[in-house]
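Q: quick one: sequence plus predicted model below, questions after.
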Amino acid sequence: MSYLVIGAGPAGLAALRSLKEAGLAAQAVEQNADVGGQWLYGAESSAVYASTHLISSKRTTAFADFPMPEDWPAYPNHAQVLDYLRAYARHFDLYPHIRFNTGLRALTRQGTGWRAAFSDGSSADYAGVIIANGHLSDPLIPATAGAFDGPVMHAKDYKTADIFEGKRVLVVGMGNTGCDIVVDAVHRAKQVFWSVRGGNHFVPKFLAGKPADEGNHRPRRFIIPKWLRARLHEPILRFVVGPPERFGLPKPAHRLYDRTPIVNSLVLQHLGQGDVKLRPPIRAFDGQSVVFADGRSDEVDLVLLATGYRITFPFLDDLRPLDWQDAAGAPKLFMNIFPREDNGLFVAGLLEGAGVGWEGRALQARVIAAYLGARAARPEAAAALRQDITSWFQKPAARDGGAHGLFVDFLAYKRDLQRLLARLS
């Protein structure tokens, strides 16, 4: 039997390529009409908006053996990224192995494998499944008291800034998406309010005219521990960018590299210019007004929630095979790939942490393919990995894994994937 890859975004393409190159029969299923996943602008499942650019530079984002064109900008826009992913799929002859316009309706255990039921009414049995369906499709809508007499939309549905024209706009949320949308709104809206909860570190896209993230990716014999990197780099950021609290933002309660930072200097500029009015979290809606936690209220015409996403696997009625954690709202996975049981399910691309890039997803895919190959060719190596997985699940969860337990230190994570790959190969 063959293997099924769910999704044809960067992680799904990497998984399909790795299985194919390992000599394993594989097929990918993709609900959209083309590859790209989130980068397929305009697709129902895509959260990309017109002004979207990479927040990591092209050299740190691209697959290591398939660089982006040299004449492209350091931070390509969404159309260029989609062109790149299409070129990757063509170069490695992946298109013939992908079923497009076909969603996955259900996955159920079938003996030692899995039966997949598709949206066109067909079904097929597979030896195993690599889940690469992404985690930016199911908007997280916070419960808010009261009712608002106007449009309330999630960033998932935001595409172009013309919706802000002449309006009083409230943007809720301080991730990279929220910051981008605040900047978009400034140029079209009559007034922009920004409701934020916790603080974060701000990182510039460029230092000395070069992409700021490239310095962290230079080959090194030893990896500087994350805590030490944070202590070295935080003072530099506070000097170059300025402390966020000088702009009225909350002071970060976490260290740099413990969460994905904000890669947006423009929003700070607009705060400094008075183009944006900061507000604390929302307490309630009251007709056309929004009441905030400090008791202030403002009348607004549109509320846009950049409040993140829920991690979902809609094709699995029973999430126990992925060791689902209700408290974290996410599965518990060894190396963000392997569930506790050797059940033929693997996950690719489900992680948090700047710097992993698509090469990190490719390493995940190669580890999965190597493990599947080792089960037949090197059973002792596969068995040793299973022992490591069992031991890991018996340990307490790491405290620096973020709210979902999925956050990784990109340098250590890619090093550990490479070591795991060497053991299995």
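A: Looks like it arrived, so ask away.
Q: check for me that residue 108 belongs to a strand.
A: Yes: assigned with DSSP: H, G, I helix; E, B strand; the rest coil, residue 108 falls within a strand.
Q: pull the number of nearby residues for it.
A: Residue neighbour count, defined by other CB atoms under 10 Å, stands at 13 for residue 108. For the C-beta atoms, the positions are set from N, CA and C on the backbone; glycine is no exception.
Q: for the stretch 101-250 of the chain, give me the ranges with low pLDDT.
A: For the stretch 101-250 of the chain, not a single residue meets the criterion pLDDT under 70.
Q: for it, what spans make up the helices?
A: Secondary structure of the stretch 101-250 of the chain by DSSP state H, counting those that start in this stretch: the helices cover 176-186, 226-240.
Q: need these in CSV (columns: mean neighbour count and distance to residue 292).
A: Output for the helices of the stretch 101-250 of the chain, formatted as CSV (neighbours: other CB atoms under 10 Å; distance: least, CB to CB, whole Å):
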stretch, mean neighbour count, distance to residue 292
helix 176-186, 24, 16
helix 226-240, 14, 28
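Q: in a markdown table: these, plus distance to residue 46.
A: As requested, those are exported to a markdown table (distance: least, CB to CB, whole Å):
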| stretch | distance to residue 46 |
| --- | --- |
| helix 176-186 | 13 |
| helix 226-240 | 31 |
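Q: strands of the stretch 151-300 of the chain, start to end?
A: Along the stretch 151-300 of the chain, counting by DSSP state E, counting those that start in this stretch, strands occupy 152-154, 168-172, 191-195, 206-207, 210-211, 277-279, 282-287, 289-292, 297-299.
Q: just say which of those strands is most tucked in.
A: Across the strands of the stretch 151-300 of the chain, the average number of neighbours (mean count of other CB atoms under 10 Å) peaks for strand 168-172, which reaches a mean of 26.
Q: what's the closest residue to residue 378 other than its chain neighbours in contact with, if anything?
A: Spatial nearest neighbour of residue 378, excluding adjacent residues (CB to CB, 6 or more residues apart in numbering): residue 424 at 7.1 Å. By CB atoms under 8 Å, 6 or more residues apart in numbering, the contact set of residue 424 is 367, 370-371, 373-374, 378, 381-382, 385.
Q: looking at neighbours, which among the residues you listed is most surrounded?
A: Within the contacts of residue 424, neighbour counts (other CB under 10 Å) peak at residue 367, which reaches 26 neighbours.
Q: wait, it touches residue 337, no?
A: Yes: using CB atoms under 8 Å, residue 367 is in contact with residue 337, at 6.5 Å.
Q: is the residue nearest to residue 123 when sequence neighbours are not counted in a bridge, and if so with what?
A: Spatial nearest neighbour of residue 123, excluding adjacent residues (CB to CB, 6+ apart): residue 117 at 4.6 Å. Beta-bridge partners of residue 117, counted by DSSP bridges, are residue 106, residue 123.
Q: what's the local residue count around residue 136?
A: Other residues near residue 136 come to 18 when the count uses other CB under 10 Å.
Q: for residue 282, see how far away it is.
A: Noted for residue 136: a distance of 23 Å to residue 282, by CB to CB, to the nearest Å.
Q: cool, and residue 202?
A: Residue 202 sits 23 Å away from residue 282, going by CB to CB.
Q: how about residue 348?
A: Distance, residue 348 to residue 282, by CB to CB: 36 Å.
Q: one more: residue 244?
A: Distance of residue 244 to residue 282, given as CB to CB: 20 Å.
Q: again with residue 13
A: 39 Å.
Q: cool, and residue 333?
A: Residue 333 is 33 Å from residue 282, where distance means CB to CB.
Q: go on, residue 40?
A: Going from residue 40 to residue 282 by CB to CB gives 32 Å.
Q: cool, and residue 106?
A: Counting by CB to CB, the gap from residue 106 to residue 282 is 37 Å.
Q: one more: residue 263?
A: In terms of CB to CB, residue 263 sits 25 Å off from residue 282.
Q: same check on residue 365?
A: Per CB to CB, residue 365 is found 41 Å from residue 282.
Q: hang on, residue 390 in a helix?
A: Yes: counting by three-state DSSP, one finds residue 390 located in a helix.
Q: contacting residues around it?
A: residue 340.
Q: can you check residue 330 too?
A: By CB under 8 Å, 6+ apart, the residues touching residue 330 are 311, 324, 350, 404-406.
Q: equivalent analysis for residue 226, please.
A: Neighbouring residues of residue 226 by CB under 8 Å, 6+ apart: 257-258, 400, 409, 411-412.
Q: picking that back up, of all the contacts of residue 424, which two lie farthest apart?
A: Longest distance between any two of the contacts of residue 424 is 13.7 Å, between 367 and 378; criterion CB to CB.
Q: test my guess that the residue nearest to residue 123 contacts residue 102.
A: No: checked against CB under 8 Å, the pair residue 117 and residue 102 is beyond contact range at 11.0 Å.
Q: burial of residue 241, as a residue count?
A: The tally of other residues near residue 241 (other CB under 10 Å) stands at 18.
Q: what sits closest to it if chain neighbours are left out?
A: In this structure, residue 241 finds its nearest non-sequential neighbour in residue 202, 5.0 Å apart by CB to CB, 6+ apart.
Q: do residue 57 as well
A: residue 211 (3.6 Å).
Q: please tell me how far that neighbour sits from residue 331.
A: As judged by CB to CB, residue 211 and residue 331 stand 33 Å apart.
Q: go through the lengthiest helix in the chain and flag the buried ones.
A: In terms of residue count, the longest helix belonging to the chain (DSSP state H) is helix 357-377. Neighbour counts using 16 or more other CB atoms under 10 Å place 357-375 of helix 357-377 among the buried residues.
Q: likewise stretch 214-230?
A: Applying 16+ other CB under 10 Å to stretch 214-230 flags 216-217, 226, 229-230 as buried.
Q: what about that stretch, distance to the chain center?
A: Centroid separation between stretch 214-230 and its chain, computed with CA atoms, centre = their mean, to the nearest Å, is 22 Å.
Q: check what pLDDT the residue nearest to residue 68 when sequence neighbours are not counted gets.
A: Distances taken as CB to CB, 6+ apart put residue 58 closest to residue 68, at 4.2 Å, once the chain neighbours are dropped. The confidence metric pLDDT takes the value 97 at residue 58.
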